[in-house]
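Engineer: Kindly return the folded structure for what I paste below:
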Amino acid sequence: MSLIQIILINIGHALVHLLMLLFPVVAALVATSFNENYSTLIMLTTGSWIAFGLGSLPAGLLADRWGKNLLMSVFFIGSGVSCLLVALSQSYTQLALSLLSLGVFSAIYHPVGIAILAEGKPETMGRRLAFNGVWGNLGVAFSTIVAVGLAQLLSWKAAFYVPGVFSIIIGLIWILWVPQKNIVGVSDTRKFSIFLDKGATWLTLFKLVVLFSLIIGFIFNAVIVSLPKLLDEQLNTIGESISLIGFFAFTIYIIAACAQLTVGHLIDRFQIKPIFITISISLLISLIFVIFTTDFFLIISASVMMALVYSTLPISDTLLARNIPSHIRSRAFALIYLISFSASALAIPAISIVHLRGGFTKLYIILIMLTFVLAIAISRLPKQER
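Structural biologist: Modelled structure (predicted):
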């Protein structure tokens, strides 16, 4: 795997999250332009997010059949063109279809891009996937800055034109610099995937990763979405400014994203199971602290919580990459991301319902219970030589 390929895949991870979050950020401005209310416009993203989740499975199937590099070209170009179509939309229907198109093409990235990274050296896989995860999280963190900045400087359409053109340019670079042929796994991952538990197979592990993905997907989106409002409610003396709350949230996201690098380094050197269990137990404790703290102690608790949540992300990917046969790896990643994104989607209505009835305390009690289940599930991981 070439350096330019790794760089472009990492840029792609930042792009996919940034592009998917552009419309929610500028929805209020778009509503004014279309003479619609915000609630109506934000509903247009429903199809986009459904496509983003469901589309990962066919994307994985096509990648194993047509080639991962070719599908990455389709992702970059298709996502960029979809952004241009959003900016060019003149009607409610055109806007909805353009956003749907964006979701379809964006669905390609995770099952294909992550599978390409998994083809590299197994001894550095944890760090490689963790570093890629940081890029994705930076895309989330900078989506608001990019969208709002372009919308204020130019117009809401510019928030789609500029990233769209950039995505197309990256796609052209990918086509010119990366061979559009299928990738065949040639690295030796056996020393990373030999089970010491009798009867354990990659299928045993895959079933557990499915459960991990359900729980982590729900927890991840729940804390990501709820954090700004949580800070607004519990920062009693230092959170009176909306911009200040936004700054605190942004800082917490960045700190948390960087925590993945440490975890990636650890899982390349030590067994994953004890590290994973330690993270899950620590996450449970941090969730309890978030419930009972305010002001600066809340910022500290929330930072630790987010760092631990982000730290779980490269672990499941590394488990899959080291143990799933290369010829079905894209499909395995596709199914896992479909499950994870579906669980993430469920977190949104859950936040709305639970917060209305009992505030964030009840929501975080649910997350604590799920984290406890996660720790038990991790304890069922088969033992491995590494």
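Engineer: Lowest-scoring secondary structure element of this protein by mean pLDDT?
Structural biologist: For the chain, counting by mean pLDDT, DSSP states H and E, helix 38-42 ranks last in confidence among helices and strands (a mean of 63).
Engineer: correct me, but L335 touches L57?
Structural biologist: Yes - L335 is in contact with L57 according to C-beta atoms under 8 Å; the separation is 6.2 Å. Glycine gets a C-beta too; all of them are placed from N, C-alpha and C.
Engineer: what about the residue most central in space within the chain, which helix or strand?
Structural biologist: Nearest to the mean C-alpha position of the chain, by C-alpha atoms, centre = their mean, lies G136 at 6.4 Å. Assigning secondary structure by DSSP states H and E places G136 in helix 125-153.
Engineer: Now do the buried residues in that helix.
Structural biologist: For helix 125-153, the neighbour count (16 or more other C-beta atoms under 10 Å) marks 125-144, 146-148, 150-151 as buried.
Engineer: Same question for stretch 60-67.
Structural biologist: Buried residues in stretch 60-67, defined by neighbour count with 16+ other C-beta under 10 Å: G60, L62, A63, D64, G67.
Engineer: Tell me the helices and strands packed up against the helix holding G136.
Structural biologist: Using 3 or more C-beta pairs under 8 Å, 6 or more residues apart in numbering; DSSP states H and E as the contact definition, the elements that helix 125-153 packs against are helix 3-33, helix 109-117, helix 158-177, helix 242-269, helix 313-323.
Engineer: Next, the closest residue to I339 other than its chain neighbours: secondary structure please.
Structural biologist: Once flanking residues are discounted, I339 sits nearest to S213: 4.8 Å by C-beta to C-beta, 6 or more residues apart in numbering. Secondary structure, DSSP: H, G, I helix; E, B strand; the rest coil: S213 is helix.
Engineer: number of nearby residues for S213?
Structural biologist: Counted with other C-beta atoms under 10 Å, residues neighbouring S213 total 23.
Engineer: Surely it touches A343?
Structural biologist: Yes - here S213 reaches A343: they are 6.9 Å apart, a contact under C-beta under 8 Å.
Engineer: For the helix or strand just after the least confident helix or strand of the chain, buried residues please.
Structural biologist: Next along the chain after helix 38-42, taking DSSP H and E as the criterion, comes helix 45-54. Neighbour-count burial for helix 45-54, counted by 16+ other C-beta under 10 Å, picks out T45, G47, S48, W49, I50, A51, F52, G53, L54.
Engineer: May I see these organised as CSV, with distance to S155 and pLDDT added?
Structural biologist: Below are those laid out as CSV (distance: C-beta to C-beta, whole Å; pLDDT from 0 to 100):
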residue, distance to S155, pLDDT
T45, 19, 73
G47, 24, 79
S48, 21, 82
W49, 24, 78
I50, 28, 81
A51, 26, 85
F52, 25, 84
G53, 30, 80
L54, 32, 84
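Engineer: Okay, domains of this structure per the record?
Structural biologist: Per automatic domain parsing, the structural domains of the chain span 3-177, 190-378.
Engineer: worst average pLDDT in those domains?
Structural biologist: Set side by side, those give their lowest mean pLDDT on domain 190-378, at a mean of 80.
Engineer: Wait, a helix at F220?
Structural biologist: Yes - F220 forms part of a helix when assessed by three-state DSSP.
Engineer: quick one: it and V74, what's the gap?
Structural biologist: Relative to V74, F220 is positioned 27 Å away (C-beta to C-beta, to the nearest Å).
Engineer: For N132, which residues are in contact?
Structural biologist: I9, N10, H13, G113, I114, L117 (C-beta atoms under 8 Å, 6 or more residues apart in numbering).
Engineer: let's see 7 Å
Structural biologist: Going by C-beta atoms under 7 Å, 6 or more residues apart in numbering, N132 touches I9, N10, H13, L117.
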